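Visitor: here's a sequence, model it:
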Amino acid sequence: MSVRVGILGATGAVGQRFIQLLDDHETFEIAALTASESSAGETYRDAAKWRVNTPIPDAVAEMTVGATTPEAVPDDVDLLFSSLPSSVAAAVEPDFLEAGYVVSSNSSNDRMAPDVPLTIPEINADHLELIEVQRENRGWDGALIKNPNCSTITMVPTLAALDQFGLERVSVSTLQAVSGAGYSGVTSMEIIDNAIPHIGGEEEKMESESRKLLGDFDGAEVTLHGADVTASCNRIPTLDGHLENVFADLTEDPDAEDIAAAMRDYPGVDLPSAPEQLIHVFEDPMRPQPRLDRERGDGMAICAGGIQATDEGVKYNCLAHNTIRGAAGASVLNGELLVEDGWI
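Guide: Down below sits the predicted model:
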């Protein structure tokens, strides 16, 4: 089965990751690229300042970039991936949805909307059923599905594995790579020989999105998970890979071996972009590390290590590649889930 797809915001940092991940994809065929009005009409090679560490695919390089409007996307495109800035996405994604397109979006707008699935396929695939509620509420033929923030998606799979022990409270401190801010997001003078102890909006996203992802869906709405989540988000001078220090309070009293086994055995999904093992657990307390471990599972795995039982529960570290698993790869995986479950 071949599914024709388009990329909204194709010239940006996450848009370029979409191009890389969709090249020679077994299901998806790139059929449309959009960007700002200033890039419309140019070839992708000319419009994009290519920053990814693999060459622009030849077929995509010569494609003409269109404006980000439904009229610029061919009718036979089955699925759109959105990497638009959230302010732009909030304004234009509804136009595509009203035109009947299915949109798998990395943009942060509407993630917490009650009728929008916020989905990690391994964690809460059943939340896709919110699409029916969404269509009834909004009166459009399309569908909008979101993946969470890059820092949230690094932590939540490990929390899902811990939930069997009675997850009550989570505190997390993040060490986030500069690529999470986009190519121009942090200047070299700000970040070299430095760390920035605040990332605007990031803490709130982790605190709210985690509870929605781990929440229960009853067929009509999602009830947020009852755990309290507190986040402190920091930018550090690594290129890719968010490392997070997590402290979780549990109602039960598992030892470190039980916790490691729960993470290691947490089930994955049978989708083309999914890693064979969702959570890789290190015994070496010096791991995971961004430079050494961010590419595990082709950048789609979650890594965990430094697991120690505490009087309250557990403390550990986790890591994921923020622009692959945490952004474009997450949207691609959601697109694969949409196809697998018959929404496309």
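Visitor: hey, where'd the helices end up in the stretch 51-200 of the chain?
Guide: Under the criterion DSSP state H, counting those that start in this stretch, helices of the stretch 51-200 of the chain are mapped to 58-61, 86-98, 121-124, 130-138, 150-162, 188-191.
Visitor: so which of these is the most packed in?
Guide: helix 150-162 (a mean of 27; mean count of other CB atoms under 10 Å). All C-beta spots, glycine's among them, are computed from the backbone N, C-alpha and C.
Visitor: what about that one, average pLDDT?
Guide: Averaging pLDDT along helix 150-162 yields 98.
Visitor: C-alpha coordinates for that helix, PDB please?
Guide: The C-alpha trace of helix 150-162 is given here as PDB (Å, rounded to 0.1, in the frame of the first residue of the first chain):
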ATOM      1  CA  CYS A 150      10.100  16.400  22.600                       C
ATOM      2  CA  SER A 151      10.900  16.500  26.300                       C
ATOM      3  CA  THR A 152       7.500  14.900  27.200                       C
ATOM      4  CA  ILE A 153       8.000  12.000  24.800                       C
ATOM      5  CA  THR A 154      11.400  11.300  26.300                       C
ATOM      6  CA  MET A 155       9.900  10.700  29.800                       C
ATOM      7  CA  VAL A 156       6.400   9.400  29.300                       C
ATOM      8  CA  PRO A 157       7.300   5.800  28.100                       C
ATOM      9  CA  THR A 158       9.300   5.300  31.200                       C
ATOM     10  CA  LEU A 159       6.400   6.600  33.400                       C
ATOM     11  CA  ALA A 160       4.000   4.300  31.600                       C
ATOM     12  CA  ALA A 161       6.200   1.300  32.600                       C
ATOM     13  CA  LEU A 162       6.200   2.600  36.200                       C
END
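Visitor: give me the helices and strands touching that helix, please.
Guide: Judged by 3 or more CB pairs under 8 Å, 6 or more residues apart in numbering; DSSP states H and E, helix 150-162 is in contact with helix 121-124, strand 167-176, helix 202-213, strand 242-250, helix 256-264, strand 279-281, strand 302-309, strand 313-320.
Visitor: rewinding a little: mind putting the helices of the stretch 51-200 of the chain in JSON lines, distance to Glu168 included?
Guide: Below are the helices of the stretch 51-200 of the chain laid out as JSON lines (distance: least, CB to CB, whole Å):
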{"stretch": "helix 58-61", "distance to Glu168": "47"}
{"stretch": "helix 86-98", "distance to Glu168": "31"}
{"stretch": "helix 121-124", "distance to Glu168": "19"}
{"stretch": "helix 130-138", "distance to Glu168": "26"}
{"stretch": "helix 150-162", "distance to Glu168": "10"}
{"stretch": "helix 188-191", "distance to Glu168": "35"}
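Visitor: to Leu8, which of those helices lies closest?
Guide: Closest of the helices of the stretch 51-200 of the chain to Leu8 is helix 86-98, at 7.5 Å (criterion: CB to CB).
Visitor: and that closest one, what does it pack against?
Guide: Here helix 86-98 touches strand 3-8, strand 79-82, strand 102-105, strand 143-146, going by 3+ CB pairs under 8 Å, 6+ apart.
Visitor: the ones you listed: which one's closest to Leu167?
Guide: Minimum separation from Leu167 across the helices and strands packed on helix 86-98 (CB to CB) falls at strand 143-146, 22.5 Å.
Visitor: the closest one - contacts with which helices or strands?
Guide: Packing contacts for strand 143-146, counted by 3+ CB pairs under 8 Å, 6+ apart, involve helix 86-98, strand 102-105, helix 130-138, helix 329-340.
Visitor: got the buried residues for that strand?
Guide: 143-146 (16 or more other CB atoms under 10 Å).
Visitor: please save the CA atoms from that strand in PDB.
Guide: In PDB, the C-alpha atoms belonging to strand 143-146 read as follows (Å, rounded to 0.1, in the frame of the first residue of the first chain):
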ATOM      1  CA  ALA A 143      -8.800  14.600  11.400                       C
ATOM      2  CA  LEU A 144      -6.100  16.100  13.600                       C
ATOM      3  CA  ILE A 145      -3.700  14.100  15.700                       C
ATOM      4  CA  LYS A 146      -0.800  15.500  17.700                       C
END
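Visitor: which outside residues touch that strand?
Guide: The contact list for strand 143-146 (CB atoms under 8 Å, 6 or more residues apart in numbering) reads 93, 97, 102-107, 110-111, 116-119, 128, 131, 134-135, 334, 338, 343.
Visitor: same thing but at 7 Å, please
Guide: Residues from elsewhere that reach strand 143-146 (CB atoms under 7 Å, 6 or more residues apart in numbering): 93, 97, 102-105, 110-111, 116-119, 128, 131, 134-135, 334, 338, 343.
Visitor: cool, and stretch 274-291?
Guide: The contact list for stretch 274-291, computed with CB under 7 Å, 6+ apart, reads 122, 157-158, 161, 177, 238, 240-241, 243, 260, 263-264, 266, 268, 293, 296-297, 300-306, 317, 319, 333.
Visitor: of these, buried ones?
Guide: 122, 157-158, 161, 177, 238, 240-241, 243, 260, 263, 266, 268, 293, 296-297, 300-306, 317, 319, 333.
Visitor: low-confidence regions, the stretch 1-150 of the chain specifically.
Guide: Across the stretch 1-150 of the chain, nothing is flagged by pLDDT under 70.
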